[in-house]
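Q: coords please:
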Amino acid sequence: MILALFIFLYSLFSIRIEKTAISGPVLALIVGFIFGPMLLKLTNVNVDTEDYRIIAELALALVLFTDASKVNLSVLENNASLPTRLLLIGLPLTIVFGMIGGFLIFKGISWIEVGILATMLAPTDAALGKAVVTNPSVPSKIREALNVESGLNDGISVPVLFLFIAVITTQNGEGLSSFYGFQLFAEEIGIGLLVGLGISFVGDWLIHFSMKRKWISESWKPIVIIALAFSCFSLAQIAGGSGFIACFTGGFLYGVLNKKYKLNRNLVESAEGAGDTMSMLTWLIFGAFVIAANIKDFTWEVIIYAFMSLTIIRIIPVFLSLINAGISRKEKLFMGWFGPRGLASIVFAIIVLDVQMPHKSTIVLTVVCTILLSVVLHGFTANPFIKSLNKK
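A: Next up, the predicted model:
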């Protein structure tokens, strides 16, 4: 009831809310926290970690697909170096800086554990960054760069995380060949890419074929893109690839073909609404149960690292990766700040819960704290910082 009423009321005022300093995820988190076990105790939903992981994964999959389908190809072609720099230079540097920060703040933690922590917090969240990448007031080259970065960096981080987990679960690294890391990376990225492109190409052709003959009833049109996105994600995961890479690349190809065929954009918009709703559910559960269960255990070390993860650990690599990129210092700072952590990090934290390591609780607490700070700080600063970016 609480979720349904919240979604209903939010939908009534969504445009007005989006123009304020309070974002949808912030509101969902607040509502979850207020009605959760910490305060009013009106929610009593038994959601285990695997259920929550599925919700978060599917929400992220749908957001990635719909966001990628709206990428402005002409702008991206003229500024392709920006997301390329962020992914190939900025992302590895973010992991390195995160490991250095972990060594400095947490005493007695191993390099593998700080590597896991840094990798879990390296990818940015397309759902939380939506207020920026969909706002026409933000220069198009920045919007497209941040959109592509957030769409691909979580998929790239998956094999890195699995490699760290494989090392820590194998005593002294025994049983791991030198070729393992490359093979894992190639499978996650390659299979995800092939599945996403293949499913979307066939799916787009079938949609076009069926719509020309008016075989799709009006009641089923909103379901088409949702089912296509989930097909990309699930098949890629089953085949051993990254479902997130599959969804973003599949959505990108669908967007390109959709422009060619001039199909009805209402299909994507309907799916986008479903993705936003699932994201809201994820954040409401996060506020009601995850925050309530962990906030009392936050230490100063955890809070300091979380704040560093959102600032210097993210901003400095962005600055370094964008040297001589032809954008201003203010724009670099803007891109560095808007690297929100969210759904991907939630999924990674649930994965790590099954891994045996000495400082697992500290790592999970740090991820939860970082996500909480990100939802609040990035949610409240999106519109004010966009206005500041446009000031001469």
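Q: list the residues that contact L235.
A: 195, 199, 246 (C-beta atoms under 8 Å, 6 or more residues apart in numbering). (Each C-beta comes from the backbone N, C-alpha and C, glycine too.)
Q: C247 too?
A: So C247 contacts 60-62, 64-65, 68, 196, 229, 232-233, 236 (C-beta under 8 Å, 6+ apart).
Q: which member of the contacts of L235 is positioned nearest D354?
A: Distances from D354 to the contacts of L235, taken as C-beta to C-beta, are shortest for A246 (23.2 Å).
Q: residue contacts, that closest one?
A: So, once contact is read as C-beta under 8 Å, 6+ apart, A246 ends up touching 192-193, 195-196, 199, 232-233, 235-236.
Q: nearest residue to the middle of this structure?
A: Nearest residue to the geometric centre of the chain (C-alpha atoms, centre = their mean): D125, 2.8 Å.
Q: name the next helix or strand downstream of the helix or strand bottoming out on mean pLDDT in the chain, please.
A: Across the helices and strands of the chain, mean confidence by mean pLDDT, DSSP states H and E is lowest for helix 73-78: a mean of 78. As assigned by DSSP states H and E, the chain's next helix or strand after helix 73-78 is helix 81-85.
Q: what lies in contact with that next one?
A: Defining contact as C-beta under 8 Å, 6+ apart, one finds that helix 81-85 is touched by 76, 141-142, 144-145, 148-149, 152, 321-322, 325, 327.
Q: which residues of the stretch 151-300 of the chain score low on pLDDT?
A: Applying pLDDT under 70 to the stretch 151-300 of the chain flags the ranges 171-181, 260-265.
Q: to the chain's geometric centre, what's the distance from stretch 206-221?
A: Its chain's C-alpha centre lies 31 Å from the corresponding centre of stretch 206-221 when counted by C-alpha atoms, centre = their mean, to the nearest Å.
Q: mind checking the end-to-end distance for that stretch?
A: End-to-end distance of stretch 206-221 (C-alpha to C-alpha, to the nearest Å): 13 Å.
Q: what of stretch 237-246?
A: End-to-end distance (C-alpha to C-alpha), stretch 237-246: 9 Å.
Q: please name the nearest non-neighbouring residue to V133.
A: N147 (4.3 Å; C-beta to C-beta, 6 or more residues apart in numbering).
Q: what strand or helix carries the one you found?
A: N147 belongs to helix 140-169, assigned by DSSP H and E.
Q: next, the buried residues of that helix.
A: With burial defined by 16 or more other C-beta atoms under 10 Å, the residues of helix 140-169 counted as buried are 141-168.
Q: which of the contacts of helix 81-85 sit farthest apart?
A: L152 and I327 (19.6 Å).
Q: so S321 makes contact with I89?
A: Yes: between S321 and I89 there is a contact under C-beta atoms under 8 Å: 3.8 Å.
Q: looking at those two, which one has more neighbours?
A: Per other C-beta atoms under 10 Å, whichever of S321 and I89 has more neighbours is S321, with 23 against 16.
Q: let's have the contacts of L235 in JSON lines, adding secondary structure.
A: Listed next are the contacts of L235 as JSON lines, based on DSSP: H, G, I helix; E, B strand; the rest coil:
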{"residue": "V195", "secondary structure": "helix"}
{"residue": "I199", "secondary structure": "helix"}
{"residue": "A246", "secondary structure": "helix"}
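Q: will you turn these into JSON lines that also has distance to N258?
A: JSON lines is the format used below for these (distance: C-beta to C-beta, whole Å):
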{"residue": "V195", "distance to N258": "19"}
{"residue": "I199", "distance to N258": "15"}
{"residue": "A246", "distance to N258": "18"}
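Q: so which of those comes closest to K107?
A: A246 (40.0 Å).
Q: ranges for the helices of the stretch 101-250 of the chain?
A: 111-120, 130-133, 140-169, 180-212, 221-239, 243-261 (DSSP state H, counting those that start in this stretch).
Q: who wins for proximity to S14 among these?
A: Closest among the helices of the stretch 101-250 of the chain, once you apply C-beta to C-beta, is helix 130-133, at 12.0 Å.
Q: in terms of secondary structure, what does the closest one contact?
A: For helix 130-133, the elements it packs on are helix 49-69, helix 140-169, helix 360-389, judged by 3 or more C-beta pairs under 8 Å, 6 or more residues apart in numbering; DSSP states H and E.
Q: now find how far off-centre the second one is within its chain.
A: Read it as helix 140-169. 9 Å.
Q: can I get the least confident helix or strand of the chain as CSV, trimmed to CA atoms?
A: Extracted in CSV, the C-alpha atoms of helix 73-78 (Å, rounded to 0.1, in the frame of the first residue of the first chain):
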residue,chain,number,x,y,z
LEU,A,73,24.4,9.5,-32.1
SER,A,74,25.6,12.6,-33.9
VAL,A,75,26.7,14.2,-30.7
LEU,A,76,28.4,11.0,-29.5
GLU,A,77,30.3,10.7,-32.8
ASN,A,78,31.7,14.2,-32.5
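Q: contacts made by that helix with the rest, please.
A: In contact with helix 73-78 (C-beta under 8 Å, 6+ apart) are residues 83, 140-141, 144, 148, 255-256, 259.
Q: sweet, I'm off.
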